[in-house]
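Undergrad: here you go, sequence then predicted model.
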Amino acid sequence: MRRLLAVSLLVALFVIARAEEAASETPASESDFDIIETGEKHEFQAEVNRLMDIIINSLYKEREVFLRELISNSADAINKARYNSLKKGEVLADDDLWIRIKYDKDLRTITVSDTGCGMTKDELIKNLGIVAKSGTTEFVEAAAKGTDPLTLIGQFGVGFYSVYLVADKVTVISKSNDGDQHIWQSTAERTFSVAPDPRGNTLGRGTSVILHLKEDADEFMDEATIERLVTRYSSFIPYPISLWSVRQVSKEVPVEEEVTEKPEKEASDLEVTEEEEDEEEKRPKTKTVTETISEWKRLNNAKAIWTRNPSEISEQEYEDFYKTLTKDTQGYLTKIHFTAEGEIVFRSILYIPKEAEYNLYDKFYEKSTALKLYVRKVLISDEFDDFLPRYMNFVKGVVDSDDLPLNVSRETLAQNKVLKVMAKKITRKVLEMLRKLAEGGKGEEEEEEKKEDDGIEIADTAKDYETFWKNFGKSIKLGCIDDRSNRKQLSQLLRYVTSKSDGKPVSLESYIERMKEDQKYIYYLTGENLESVQNSPFLERLKKHDLEVVFMTDPLDEYVVNAMPDFDGNQLMSAAKKDLKIAGVEDNLAELQAEYKDLTAYLEKLYGKKVEKVEVGTRITSSPAVMVTGQYGWTANMERIMRAQTFADAEKFNYMASKKTMEINPQHPIIKELKRKVAAGNEEEALADLSNLVYDAALVNSGFTITDVKDFASRIHRVVSVGLGIDPHAQIEEIPASTGAANEEGEAVEEAKMGGPGLHEDL
């Protein structure tokens, strides 16, 4: 019994052990791993050398941004100095607030100095010795506890270290009102040094950053390079940025003459009057010398007018700002100046130029340089295409915000839903500006709207929009193709010449206003040029019923009508495609189709695969026949465009080309005569040639291209031969070979013309 109990106990213990083991293998819930409060605390460790290497060599795309970062730091320091002085009731003179740049080719240094707040010894150690420690952010947080608004640039605390992109050693000299002048120095290694300046307080107040340049950084010791970088990145900093400029100038200086006795005049000397002698004595003698002039040259004269109220800015200021921003001397058509508020606050000025750049559409898929992105007046990127869709790459302007979601390098924006909000707002403003431009000068109501619309300048007449359409119409069409969400607004900006517009582009809205009461469609015709569509046979019946037709002669128009099948509820209908419907006109073709059944059957058999069908139609009134394509097939113009593609495959093209239907005009004499000959059983070669010529003429007249040119030429020659009463298959006689007698006779004739055989000898 005891033995049985022992065995049972062992079995029970084994079962319990297995259960506990199984429980330990079961995944625990997420809360079981929450050890933040109970576990041991450790700090993250960083390899300083490796961290500095990442910041210096991997954070920035361009080495030149070091100057932008130093100037931004200087601007922040000056802002801090002004803020601190105002809190104390003091006012700093504008002349005492500046940023200066100086380079020395002999010492291989660049020095950036400012009259900002400066730093004490402790601040040098804290702000420059702790990576990612932003003194600006700390300052703003402290200032935010009060009520005073303060806008500063720095936020990440790593911008200063961009100096090591071009320098192998950096010296920072700084003087704060709260302490003596100190020097901070480092070579981007694990250590840095700080010491009192042995020269004393030479700065008064401010900071000087001295960069000891690397061997491969000679390009930055150049006046033109520094001026270009400051103009690009920091031209709108509100404090004067000056560069120490040394230049050679030529000037005239008087020559000191030695006093000598005048020789007595001889009798042979020319007589000189006393007045001339006095003038000669008074005229000073000079010489040209070269003088070296050294001075501080200001680099930033532009004003960030987008930060001001539009009502306070004159038209001349807007004009000057546009020319400074774009380097375009032609001026602009219209502008919009606005401040957006909501999830993010930003300011913007957008311009529409008068003329398009010569290569605007050649660089369509490159990053746009038209819209410049600023943060607190410092350029972040001038190659930015996230705020405007690509088809709006013609818009010039600036966008500035104090709290954009920048990445650490401040060269790009972090992906954020705020960007989509900004892009939607800016795009809507551009469309609003274009709408106002298109409606310019229409009446008193809109004139009143113009006055109330804040920040938008409107043209006095619609003539400016004609200029815009001439230069940037392709962009609007590209928008209609790509931008589904704004297609309705963009379609209202389209302009086309019509059969009733006297050669002037008009809107589709004005076309609808002129439509007949029972008209349901907007008729259009695409072609290579205006002359070809105006003379197209497809217009014959539409003209007969006095219907207006939109002429589309741009290759993009083929894609526009595919992307935009209707406008304002009215379907677009091609005059060159099957099933052309004309309001109020019913075609009773049943009898005609039966009457011409034999002819259509004969032509279908003759043409074979070249046509899908031959049928009687009433589309044309004066031409014998035309070629039409299916409702969803390529038109002749689209086929021409596809053939012209660089990488078009001629073999595959035949499979992609639209099937063509030949519509014949039953009232035309040629068609009637062909019908009579077919009915009489005349199916000889001459009839086939004539029928094929009707096909060729219809093909060319409809805008298509004849592919088999040799066959076409042979057919023409046969028809001409029959017309001249010549056997088209007659053998061609060969030119007889030359004989000796003929040659002698020819030589005799030539000698007679030259005056006989002895003429040359006599000469």
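TA: Ah, there it is. Since we're looking at a predicted model, the values are computed, not measured.
Undergrad: care to break the chain down by domain?
TA: 50-242, 302-493, 495-586, 590-723 (automatic domain parsing).
Undergrad: just put those in JSON lines and tack on mean pLDDT.
TA: Shown next, in JSON lines, are the domains of the chain (pLDDT from 0 to 100):
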{"stretch": "domain 50-242", "mean pLDDT": "81"}
{"stretch": "domain 302-493", "mean pLDDT": "80"}
{"stretch": "domain 495-586", "mean pLDDT": "90"}
{"stretch": "domain 590-723", "mean pLDDT": "85"}
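Undergrad: can these go into TSV with extra columns for distance to residue 248?
TA: C-beta: built from backbone N, CA, C; applies to glycine. Output for the domains of the chain, formatted as TSV (distance: least, C-beta to C-beta, whole Å):
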stretch	distance to residue 248
domain 50-242	13
domain 302-493	28
domain 495-586	56
domain 590-723	54
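Undergrad: so can I have a markdown table of those domains showing distance to residue 733 and mean neighbour count?
TA: As requested, the domains of the chain are arranged in a markdown table below (distance: least, C-beta to C-beta, whole Å; neighbours: other C-beta atoms under 10 Å):
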| stretch | distance to residue 733 | mean neighbour count |
| --- | --- | --- |
| domain 50-242 | 79 | 17 |
| domain 302-493 | 57 | 17 |
| domain 495-586 | 42 | 17 |
| domain 590-723 | 15 | 16 |
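Undergrad: so for residue 289, which of the ones you listed sits nearest?
TA: Residue 289 lies closest to domain 50-242 among the domains of the chain, at 22.9 Å (C-beta to C-beta).
Undergrad: which among the domains of the chain is found nearest to residue 293?
TA: Smallest distance to residue 293 across these (C-beta to C-beta): 13.1 Å, for domain 50-242.
Undergrad: run the chain-centre distance for the closest one.
TA: Its chain's C-alpha centre and that of domain 50-242 lie 35 Å apart, by C-alpha atoms, centre = their mean, to the nearest Å.
Undergrad: before we move on, what about stretch 493-506?
TA: The answer for stretch 493-506 is 27 Å, by C-alpha atoms, centre = their mean.
Undergrad: closest one to residue 285 among the domains of the chain?
TA: domain 50-242 (35.4 Å).
Undergrad: and residue 371, backbone torsions?
TA: Note on residue 371: its backbone torsions stand at phi -110, psi 120 [degrees, to the nearest 10].
Undergrad: so what's residue 321 closest to, chain neighbours aside?
TA: residue 305 (5.2 Å; C-beta to C-beta, 6 or more residues apart in numbering).
Undergrad: for stretch 232-251, C-alpha coordinates in CSV please.
TA: Taking Å, rounded to 0.1, in the frame of the first residue of the first chain, the C-alpha atoms of stretch 232-251 are listed here in CSV:
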residue,chain,number,x,y,z
ARG,A,232,21.2,81.9,-51.8
TYR,A,233,20.7,80.9,-48.2
SER,A,234,20.6,84.0,-46.1
SER,A,235,19.7,87.0,-48.2
PHE,A,236,16.5,87.7,-46.1
ILE,A,237,18.2,87.6,-42.7
PRO,A,238,17.1,90.9,-41.1
TYR,A,239,20.6,92.0,-40.0
PRO,A,240,23.3,93.2,-42.3
ILE,A,241,25.7,90.5,-43.5
SER,A,242,29.0,92.0,-44.7
LEU,A,243,32.0,90.6,-46.3
TRP,A,244,35.5,92.0,-46.0
SER,A,245,36.3,93.0,-49.6
VAL,A,246,39.7,93.8,-51.0
ARG,A,247,40.0,95.2,-54.5
GLN,A,248,42.3,97.1,-56.8
VAL,A,249,41.2,100.4,-58.4
SER,A,250,43.0,102.7,-60.8
LYS,A,251,43.0,106.4,-60.2
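Undergrad: all numbers from here: first residue = 3
TA: New numbering, starting at 3: the last item is stretch 234-253.
Undergrad: middle-most residue in the protein, spatially?
TA: Closest to where the C-alpha atoms of the chain average out (C-alpha atoms, centre = their mean) is residue 395, at 3.3 Å.
Undergrad: my guess is that residue meets residue 362, correct?
TA: Yes. Using C-beta atoms under 8 Å, residue 395 is in contact with residue 362, at 7.0 Å.
Undergrad: can you give me the pLDDT of residue 294?
TA: Looking at residue 294, its pLDDT stands at 83.
Undergrad: quickly list what it is bridged to.
TA: residue 250 (DSSP bridges).
Undergrad: isn't it right up against residue 250?
TA: Yes. Assessed by C-beta under 8 Å, residue 294 is found in contact with residue 250 at 5.9 Å.
Undergrad: report the separation between residue 633 and residue 578.
TA: Going from residue 633 to residue 578 by C-beta to C-beta, to the nearest Å gives 11 Å.
Undergrad: my error: substitute residue 537 in the last question.
TA: 13 Å.
Undergrad: how about residue 311?
TA: Residue 311 sits at a distance of 55 Å from residue 578 (criterion: C-beta to C-beta).
Undergrad: hang on, residue 723 packs against residue 730?
TA: Yes. Using C-beta under 8 Å, residue 723 makes contact with residue 730 at a distance of 3.9 Å.
Undergrad: which residues does residue 126 contact?
TA: Neighbouring residues of residue 126 by C-beta atoms under 8 Å, 6 or more residues apart in numbering: 174, 176, 184, 186, 196.
Undergrad: A helix includes the second one, no?
TA: Spelled out, it's residue 176. No. Per DSSP: H, G, I helix; E, B strand; the rest coil, residue 176 lies outside any helix segment and is strand.
Undergrad: show me where the stretch 503-652 of the chain has its strands.
TA: For the stretch 503-652 of the chain, the strands defined by DSSP state E, counting those that start in this stretch occupy 523-528, 551-554, 568-569, 572-576, 615-618, 627-631.
Undergrad: list the contacts of the residue nearest to residue 323.
TA: Residue 307 is in contact with 315, 319-320, 323, 351, counting by C-beta under 8 Å, 6+ apart.
Undergrad: how about those residues, which pair is most distant?
TA: Applying C-beta to C-beta across the contacts of residue 307, the maximum distance is between 319 and 351, 10.7 Å.
Undergrad: enumerate every residue touching residue 353.
TA: With C-beta under 8 Å, 6+ apart, residue 353 has these contacts: 324, 327-328, 334, 336-337, 397-399.
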